[in-house]
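Asks: Need coordinates for the following:
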Amino acid sequence: MPSWLGNSKQSANQRNRELNTSTRDDDSFGKIEGAAHAIEPFDFINGLFEANQDTFGKSTNIADAGLDMKSIEDSLNGFSESAKTIIKGLTALGHVHPFIGVAVGAFALVIALDVTRRDNDRKALAVKVQMQELMKVFFELRHVPSPSEGPDGLTVAERLKELVELIANDIKSCGSACDAYLKKGFLAKTVKSTIYENKLSKFATTFMQHRSALELALKVHTSLGIDSANDKLNVLGSQLQDVDQKLDMLLLFRKLDTPRERDILKFIEAHGGPKACILDEGLLEELVMKSGESLSRFPGREGGRRSNGLPELKKRLLKEFQEDIDEALSRNMVLFERKLDMQSKQLTDLVHDEADYIISAVLSGAHDRITDLDLQTIWKDMGWKGSVKARHFVLALHDYYSDQLSSADSPQMSHTSSLPSPDTPKGRSSFMNISKKQQDDRWALAYINAAYVQPILEAVDDDGTGFISIKEVNTFVAERPENWSLPHWIAYWAAGWQSSMSHYKEKIYELVQTMFQVLEYILPSNRRAVDEYLFHPSFWRIELLLRSTRSVGSKVLADPDLSKMTEVYERYEEERLDDNLHGVAYELDTPATVSLITGAGRIERYIFPLIYLLLRRHLKVMRLACRHVVDMEEFVTLNESLVSILLAVDYRIENLEAIFKQTNYDVQARLGNFAFGIFQLSYGDIKRKPSDNSFATWTDPSGQSNTTLTLTKADARSLAAGIPKDILKYGIQDGYSVAEYYGFDRRSYVNSEYTQIEGTWTGHYRRQLGEEWVSCILRISIRLASQPKIVGKGEDF
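Replies: The predicted model follows:
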């Protein structure tokens, strides 16, 4: 993990290896459909099967006690590639037997969500290997025509429908369980290792049971008579009862323990178990040291304004230990299903686009595969093959359009195709369309020149390697809004994008300043949680991004054509991102979820609008905290979403660092010239310097600081009244009855004979909860109603 979130034992080499899994791959799942359609499905499936005998030809129980460690490691290390091959074949098989689609789709989506995950655990991976072994059984259907009836008159679809649906549901449940497990910190997973491993082992056993049932059902359909099938079914129950003994996943998990895990587990066992180690602060401190994690490594709590040290860690670990795993998995399933839905939509679009690309690649030469006519002409005239140096590409664009401008009799010299953006929903495309009558390219050509080489280069060369491929060119063109000419699209990335970034900078600064104004009126019960939220490291990391990014010049802002197009595209992208965020209830639990929200493309394109939309949502939660008691975990979740974005930023910086070092660049200086400097201050050994913080000193473009705007208590409560309470993940916690706390303590006690008693009192006390003593803060307000009657109201937390 990055230093700003705590200590990390992960090596740079390991991070770089993992990073390779998050880059866009030419062999993505999108090619599946095109390949399957190219030839007759059965021929394709059989050909794929024969060509990948190592993947399909053998069935392996990774938990078999007799399996050597090398074979286990080979199965784990080869999982990603073998899964792609299996999904490719299963997708083709689904054209012949559509009823398997629900299981194939669930498997493909769960695997696709893992492609961008950097923190895959080998135990979770072992369970997915068993899931994959189950899916391989479906290839026996390549011998079964569709439709075909078995000895009992049932079609294969009728026979397997219920089982396939059950398999699909269990795959999704397993994917969610692995997702929840992987999001836990090392200590949290270790103290509950027995519980988590039992749950994972149960899924592995379930997949083996499904595999046996599927194999039997296929045998019944293809070769055995009814009597023989009944004999098989009679012994099936006893076979399944023995699965736990044959499939010793728990023994496999012990083989997969890392040296650190073995050391921690031995320590816990030697000192009375997890709960004893958590309750004893001496043992807990030693446990933390052995784990290699800092005291601040728990979600949402990293390095806040004040460190609660071991007592806070103890409290959170105990809560983690006592949490019901079934309830936790049930809560996670809600978010996981939302992510699956989003992944499904993205894969559907990718399948369609890649299919067209593959077919055109088969039928044409290099330049013919480019979809835009202008770029096709440039590529052909320059004699380029599969890829070209990015700088050469941009300069060739400049020369081409300069020649077009000097020779054109009309400003309407560019091809204006109706190629739609793959992400443009039909219902919202109207405001993206610019009438062809308005397609005057002359203003746009002013931005296609040497002065704007760098931002244009970055826009097309999405992976930052310095080379532009045909696929990158087609991706760049395909993302162009409907009816925008190519010069307009290039002009947006040359200068309009910086204008948009500057706009979002101002909006983010304004939001943060508003948050600190609202802070004054937060209910006492919520104050600690809001303080920790606002003083979390994620905020100074955001400030570094804002301060590091160069604002756009006044000349660009004065261009009405560019400003209009920038505003249109900015509005569209903001709506798209907001819709996606709404789909996951604005909860970004991992960097992989961030990728789902943004879609394909470099993270710098989306950082500022994403942060703006999240902070806008978070401000609403803060406003509710002025009127209602909110669960402390609410703000922990908000911080986790910001952390996920910033981790995606860190991964991008690591990738850029590896690329820039290959060309012997000064990385710090090179980042200052990349994406208008957005990453420069976030690179290297970054440290918090409050004196440099620009949140308090920022002023809007007119020179007026937003801190001069006043917000009253009545304003804060009025604004909160209009915000729906269902935006809270954990709901309203007004059982504490403190929403009217200040209203109760509103008397003036000056010149009162009772002033020594009346008023608000604060203090500390300790109470016992089970075997543990807990320190609490107490706040009470006392009023003398009529002598000698005393009334009061209070709270503790």
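
Asks: from here on, contacts and neighbour counts on C-alpha atoms
Replies: Fine.

Asks: Nearest residue to residue 599 in space, please, no chain neighbours.
Replies: Spatially, and ignoring its direct neighbours in sequence, residue 599 is nearest to residue 346 (7.4 Å; CA to CA, 6 or more residues apart in numbering).

Asks: Would you quantify the distance from the one you found to residue 339?
Replies: Distance from residue 346 to residue 339, counting by CA to CA, to the nearest Å: 11 Å.

Asks: Residue 372 too?
Replies: In terms of CA to CA, residue 372 sits 33 Å off from residue 339.

Asks: With neighbour numbers in mind, choose between residue 346 and residue 339.
Replies: residue 339 (22 against 18; other CA atoms under 10 Å).

Asks: I'd say the more buried one and residue 596 touch.
Replies: Yes: in terms of CA atoms under 8 Å, residue 339 counts as a neighbour of residue 596; the distance is 7.3 Å.

Asks: per-residue confidence for residue 595?
Replies: Residue 595 carries a pLDDT score of 91 in this model.

Asks: Hmm, I typed the wrong one, I wanted residue 704.
Replies: Confidence score, pLDDT, at residue 704: 53.

Asks: and stretch 472-483, how far out from the chain's middle?
Replies: Between the centre of stretch 472-483 and the centre of its chain there are 24 Å (CA atoms, centre = their mean, to the nearest Å).

Asks: Just the mean pLDDT for stretch 267-278, thanks.
Replies: 88.

Asks: buried set for that stretch?
Replies: Of the residues in stretch 267-278, 267, 268, 274, 275, 277, 278 count as buried by neighbour count, 16 or more other CA atoms under 10 Å.

Asks: And for stretch 195-207?
Replies: Buried-residue list, stretch 195-207, by 16+ other CA under 10 Å: 196, 197, 199, 200, 201, 202, 203, 204, 205, 206, 207.

Asks: if we can go back for a sec, in strands, which of the buried residues of stretch 267-278 appear?
Replies: Among those, no member falls in strands (criterion: DSSP state E).

Asks: Please tabulate the residues you listed in TSV and include distance to residue 211 as additional columns.
Replies: TSV is the format used below for the buried residues of stretch 267-278 (distance: CA to CA, whole Å):
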residue	distance to residue 211
267	38
268	37
274	36
275	38
277	41
278	41
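
Asks: what's the spacing between the nearest residue to residue 648 once chain neighbours are set aside and residue 654?
Replies: With CA to CA, 6+ apart as the criterion, residue 648 has its nearest non-adjacent residue at 5.4 Å, and that residue is residue 591. Distance, residue 591 to residue 654, using CA to CA: 14 Å.

Asks: Which one's more surrounded, the two?
Replies: Neighbour count, other CA under 10 Å: between residue 591 and residue 654, residue 591 has more, with 22 against 17.

Asks: close enough to count as contact, the more buried one and residue 642?
Replies: No: with contact defined as CA under 8 Å, residue 591 does not reach residue 642; the gap is 9.9 Å.

Asks: got the contact list for residue 604?
Replies: 649, 675, 678 (CA atoms under 8 Å, 6 or more residues apart in numbering).

Asks: Leaving out the residues flanking it, which one is nearest to the second one?
Replies: This points to residue 675. residue 455 (6.8 Å).

Asks: What strand or helix carries that neighbour?
Replies: helix 453-460 (DSSP states H and E).

Asks: Point out the other helices and strands that the helix or strand that that helix is followed by packs with.
Replies: Counting by DSSP H and E, the next helix or strand C-terminal to helix 453-460 is strand 467-469. When contacts are defined as 3 or more CA pairs under 8 Å, 6 or more residues apart in numbering; DSSP states H and E, strand 467-469 packs onto strand 387-389, helix 390-407.

Asks: And the most centrally placed residue in the chain, how close does it get to residue 565?
Replies: Centroid check for the chain by CA atoms, centre = their mean gives residue 593 as the closest residue, at 1.5 Å. Residue 593 sits 29 Å away from residue 565, going by CA to CA.

Asks: likewise residue 221?
Replies: 61 Å.

Asks: Looking at those two, which is more packed in?
Replies: The neighbour comparison of residue 221 against residue 565 (other CA under 10 Å) goes to residue 221, with 23 against 19.

Asks: wait, isn't the more buried one in contact with residue 144?
Replies: No: in this structure, residue 221 is not within contact of residue 144 by CA under 8 Å, at 9.0 Å.

Asks: so where's the stretch 1-150 of the chain uncertain?
Replies: Applying pLDDT under 70 to the stretch 1-150 of the chain flags the ranges 1-41, 57-58, 115-120, 146-148, 150.

Asks: And the helices in it?
Replies: Remark: helices assigned in the stretch 1-150 of the chain by DSSP state H, counting those that start in this stretch are 12-19, 31-38, 41-51, 53-56, 69-77, 79-96, 101-115, 122-136.

Asks: now the ones you listed in CSV, with distance to residue 778 and mean neighbour count?
Replies: Formatted as CSV, the helices of the stretch 1-150 of the chain follow (distance: least, CA to CA, whole Å; neighbours: other CA atoms under 10 Å):
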stretch, distance to residue 778, mean neighbour count
helix 12-19, 46, 13
helix 31-38, 62, 20
helix 41-51, 69, 16
helix 53-56, 64, 15
helix 69-77, 53, 14
helix 79-96, 54, 21
helix 101-115, 46, 21
helix 122-136, 44, 22
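
Asks: Turn these into JSON lines, columns for distance to residue 726.
Replies: Below are the helices of the stretch 1-150 of the chain laid out as JSON lines (distance: least, CA to CA, whole Å):
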{"stretch": "helix 12-19", "distance to residue 726": "37"}
{"stretch": "helix 31-38", "distance to residue 726": "40"}
{"stretch": "helix 41-51", "distance to residue 726": "48"}
{"stretch": "helix 53-56", "distance to residue 726": "48"}
{"stretch": "helix 69-77", "distance to residue 726": "42"}
{"stretch": "helix 79-96", "distance to residue 726": "39"}
{"stretch": "helix 101-115", "distance to residue 726": "28"}
{"stretch": "helix 122-136", "distance to residue 726": "33"}
